[in-house]
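> Can you look at this prediction? I've put the sequence above it.
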Amino acid sequence: MSEPITSVADNILNVENIRKDFPVLTQIVRGKPLIYLDNAATTHKPSSVIERISKFDAEEYGTVRRGAYKLSENATQVYEESRQKVADFMGAEKKGEVVFTSGTTQAINLVAHSFGKRFVNAGDEIIISNIEHHANTVPWQVLCEERGAKLKVIPVNDAGELMIEEYEKLLSSKTRMVAINHVSNALGTINPIKEIIEKAHAVGAKVLVDGAQSIPHMKVDVQDIDCDFYTFSGHKMYAPSGIGGVYGKMDLWEELPPYVTGGDMIMQVTLEKTTYAKPPARFEAGTPPITQVIGLGAAIDYLNAIGLDKIADYENTLLEYGTRLFNEIEGVRIIGNAHHKASIISFYIEAAHPHDVVTLLDQDGISCRGGHHCAQPTMIRYGVPATTRASMAFYNKPEELDALAESVKKCIRFFSA
Amino acid sequence: MSYDNELYQQVILDHNRKPRNFHVIDNASHNCHGVNPLCGDDITVYLNVDEQAGKIDEVSFQGSGCAICKASSSLMTAFLKGKSVEDARQIKDEFHKMILGEMDPEKDEHHLGKLTLFMGIREYPSRTKCASLAWHTLVGALDKKFDGISTE
């Protein structure tokens, strides 16, 4: 059964060669070779990223944008080169449209705070969906509470797809912001964001796209989709944790007040008044995570060398293969069967709670996530307390999905005995 | 086919499938709602306490959770029926120390009886809250914590 898919996958990219780039994949876990399937939570780093970070810290590290000496000037240069790499990777028009943050969570909080302060007033409306991560839910709830605005929610169908006709009904001249993920972390649904953005713009609303789950797995072009903000996390794209960011249209950034204030985000400070720096510096107070930014640049180099189109194709073959395997297992229900899906399989077993499932999978060396995936409203919508989630990356092999399926069957037998 | 671990022993699996004292006690003298916010385990513990004798006459639970949570709740209720409130509190402390690996029931003195079944949890730090939720909720009930208990 695995022959055809393996050869299809092999034609797209040579996974055995790719795996040699990721030192962690040779680890032995609880006596078994590691099968890492929690890539939607965090991804591992290729040697090129690990070596770049190490070399930077050993030979090149210095503060950025403030030191008038060689080490700092060089560090500033490679730091800004990383920003350019991110801008190019996302298809941004200008480098300065990319603001670094600690990750997607902080990025969304930044936009909710700064955009909200400038543009959201009592009676206005914000739209999210029923399948958002808590990071794209709670900041908007808080904002609505603070500003007297109203939060509206796009419902989803049983397959896990947004109900666009319902979305259209929610849109009005009161809508200030539509905040939506590109790919759902809990279900894997790929949302039709270009269409969503077009409809939002038609009523004058802005759109933030939570790209944490999409940017490592598919080609993203922020100008083509015409989003106003697009957020991402480094640690989900083979880069270090603690770094991420948000793309925003420059004319919008220029209108927004800062979120975090302090050093390096100012034009001039007197004891009476402070004027702020231009974007992106206005939104990057304090010393940034310098080494992590360099690591992010190296991760983008690595992804570009393989090619996002190849990555998306390969991961899609993994998804199709895994879905077929899971559909053949009695007692397993896949939660999220959207027509357009990223390489995430979220499933529920009647016989066993997801936390017991992941503990038993771990006995077989398999790392999966069991829980609500920081998407409790999604779990409630599908009537499950939690799911087990296998999320694939391009370093996973079809054989690993065979092992996962066998381990799931074993787990079902164990709890049904 | 089998798993090489001490976590899911037959008794635990049995209590997961057929939890004992799995019902509401109407007009219970004490009750408390407990949740593990990170994983969603959600139970309520009910008690009828004879205040004069300081004795637990009845104890039960309801709710949903993983096998460890349900089995731990079930075994707790079976174990505590007829015990004194004072003993229950001490057993809770001992149980908690055991699952954190701070007390070794094979070496140290204890009053845990067959609750030592849960000793294997100490190898799985991410699962200790599954086993301890029932006990925290029990103490919450005894202390009349009307807002409920959260392990976070």
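Perfect, I can see it now. Numbering: from 1, shown residues only, chains lettered A, B, ... in the order given.

> Tell me the gap between the helix or strand of chain B with the lowest mean pLDDT and the middle of its chain.
Least confident helix or strand of chain B, by mean pLDDT, DSSP states H and E, is strand B:149-150 with a mean of 80. A distance of 14 Å separates the centroid of the chain from that of strand B:149-150, by Cα atoms, centre = their mean, to the nearest Å.

> What pairs with that strand, parallel or antiparallel?
strand B:30-35 (parallel) (DSSP bridges).

> Report the buried residues of the helix or strand immediately after the partner strand in the chain.
Counting by DSSP states H and E, the next helix or strand C-terminal to strand B:30-35 is strand B:42-50. Neighbour-count burial for strand B:42-50, counted by 16 or more other Cβ atoms under 10 Å in any protein chain shown, picks out B:42-49. C-betas here are computed from N, CA, C, even on glycine.

> For the helix or strand following strand B:42-50, name the packing helices and strands.
Moving toward the C-terminus from strand B:42-50, the next helix or strand (DSSP H and E) is strand B:55-64. If contacts are counted by 3 or more Cβ pairs under 8 Å, 6 or more residues apart in numbering or on different chains; DSSP states H and E, strand B:55-64 sits against strand B:42-50, helix B:67-80, helix B:85-99, helix B:128-142.

> So which residues lie in contact with strand B:55-64, not counting its own?
Residues outside strand B:55-64 that contact it (Cβ atoms under 8 Å, 6 or more residues apart in numbering or on different chains) are A:385, B:19, B:21-25, B:28, B:40-50, B:73-74, B:76-77, B:80-85, B:88, B:134, B:137-138.

> any idea of the angle it forms with helix B:128-142?
Counting by axes from the mean of the first three to the mean of the last three Cα atoms, to 10 degrees, strand B:55-64 lies at 130 degrees to helix B:128-142.

> how big is the angle separating strand B:55-64 from helix B:67-80?
Using the same axes, to 10 degrees, strand B:55-64 lies at 160 degrees relative to helix B:67-80.

> just to revisit the earlier point, residues contacting the least confident helix or strand of chain B, please?
Contact partners of strand B:149-150, identified using Cβ under 8 Å, 6+ apart, comprise B:32-37, B:133, B:136-137, B:139-140.

> Could the C-alpha coordinates of stretch A:247-262 be exported in CSV?
Once non-C-alpha atoms are left out, stretch A:247-262 reads as follows in CSV (Å, rounded to 0.1, in the frame of the first residue of the first chain):
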residue,chain,number,x,y,z
TYR,A,247,3.8,42.2,8.0
GLY,A,248,1.6,45.3,7.7
LYS,A,249,1.0,47.7,4.9
MET,A,250,3.2,50.7,5.4
ASP,A,251,0.5,53.4,5.2
LEU,A,252,-1.3,51.5,7.9
TRP,A,253,1.7,51.1,10.1
GLU,A,254,2.4,54.8,9.8
GLU,A,255,-0.9,55.6,11.4
LEU,A,256,-0.7,53.3,14.4
PRO,A,257,0.5,54.2,17.8
PRO,A,258,3.2,52.0,19.5
TYR,A,259,2.3,49.0,21.7
VAL,A,260,5.4,48.5,23.8
THR,A,261,7.3,51.7,24.6
GLY,A,262,10.9,52.3,25.7
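
> What is the lowest-pLDDT residue among the contacts of strand B:149-150?
Minimum pLDDT for those is recorded at residue B:37 (83).

> For the residue of chain B found nearest chain A, give me the pLDDT.
At 3.7 Å from chain A, residue B:66 is the closest residue in chain B, using Cβ to the nearest Cβ. Predicted confidence (pLDDT) at residue B:66: the value is 93.

> okay, the helices and strands packed on strand B:55-64, which one's buried deepest?
helix B:67-80 (a mean of 26; mean count of other Cβ atoms under 10 Å in any protein chain shown).

> how close does residue A:412 sit to chain B?
12 Å (Cβ to the nearest Cβ, to the nearest Å).

> right, and the secondary structure at that residue would be what?
Recorded secondary structure, residue A:412: helix (DSSP: H, G, I helix; E, B strand; the rest coil).

> Correct me if wrong: it contacts residue A:347.
No. The pair residue A:412 / residue A:347 is not scored as a contact, 11.1 Å apart, by Cβ atoms under 8 Å.

> Quickly list what's touching both of these two.
Taking Cβ under 8 Å, 6+ apart as the criterion, residue A:412 and residue A:347 both touch residue A:332.

> What residues sit buried inside stretch A:153-169?
Across stretch A:153-169, burial judged by 16+ other Cβ under 10 Å covers A:153-154, A:156, A:160-162, A:167.

> ditto for stretch A:187-195
Here stretch A:187-195 shows A:187-193 as buried, counting by 16+ other Cβ under 10 Å.

> among these, which are in helices?
Secondary structure from DSSP state H places residue A:193 of the buried residues of stretch A:187-195 in helices.

> what about residue A:257, helix or strand, and which?
Using DSSP H and E, residue A:257 falls within no helix or strand.

> That one: how many residues sit nearby?
13 (other Cβ atoms under 10 Å in any protein chain shown).

> Isn't it up against residue A:115?
No. Taking contacts as Cβ under 8 Å, residue A:257 lies outside contact range of residue A:115: 9.5 Å.

> downstream neighbour of the lowest-mean-pLDDT helix or strand in chain A in the secondary structure list?
Every helix and strand of chain A was ranked by mean pLDDT, DSSP H and E. The lowest is helix A:2-12, at a mean of 62. From helix A:2-12 onward toward the C-terminus, using DSSP H and E, the following helix or strand is helix A:15-20.

> need the contact list for residue A:201.
A:207, A:226.

> In a helix, it, correct?
Yes. The assignment for residue A:201 is a helix, going by three-state DSSP.

> Reformat the buried residues of stretch A:153-169 as JSON lines; add secondary structure, pLDDT and distance to residue A:123.
JSON lines is the format used below for the buried residues of stretch A:153-169 (DSSP: H, G, I helix; E, B strand; the rest coil; pLDDT from 0 to 100; distance: Cβ to Cβ, whole Å):
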{"residue": "A:153", "secondary structure": "strand", "pLDDT": "98", "distance to residue A:123": "18"}
{"residue": "A:154", "secondary structure": "strand", "pLDDT": "98", "distance to residue A:123": "20"}
{"residue": "A:156", "secondary structure": "strand", "pLDDT": "98", "distance to residue A:123": "27"}
{"residue": "A:160", "secondary structure": "coil", "pLDDT": "97", "distance to residue A:123": "32"}
{"residue": "A:161", "secondary structure": "coil", "pLDDT": "98", "distance to residue A:123": "30"}
{"residue": "A:162", "secondary structure": "strand", "pLDDT": "98", "distance to residue A:123": "25"}
{"residue": "A:167", "secondary structure": "helix", "pLDDT": "98", "distance to residue A:123": "20"}
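
> Redo these as a markdown table? Include distance to residue A:126.
As requested, those are arranged in a markdown table below (distance: Cβ to Cβ, whole Å):
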| residue | distance to residue A:126 |
| --- | --- |
| A:153 | 10 |
| A:154 | 12 |
| A:156 | 18 |
| A:160 | 22 |
| A:161 | 21 |
| A:162 | 16 |
| A:167 | 13 |
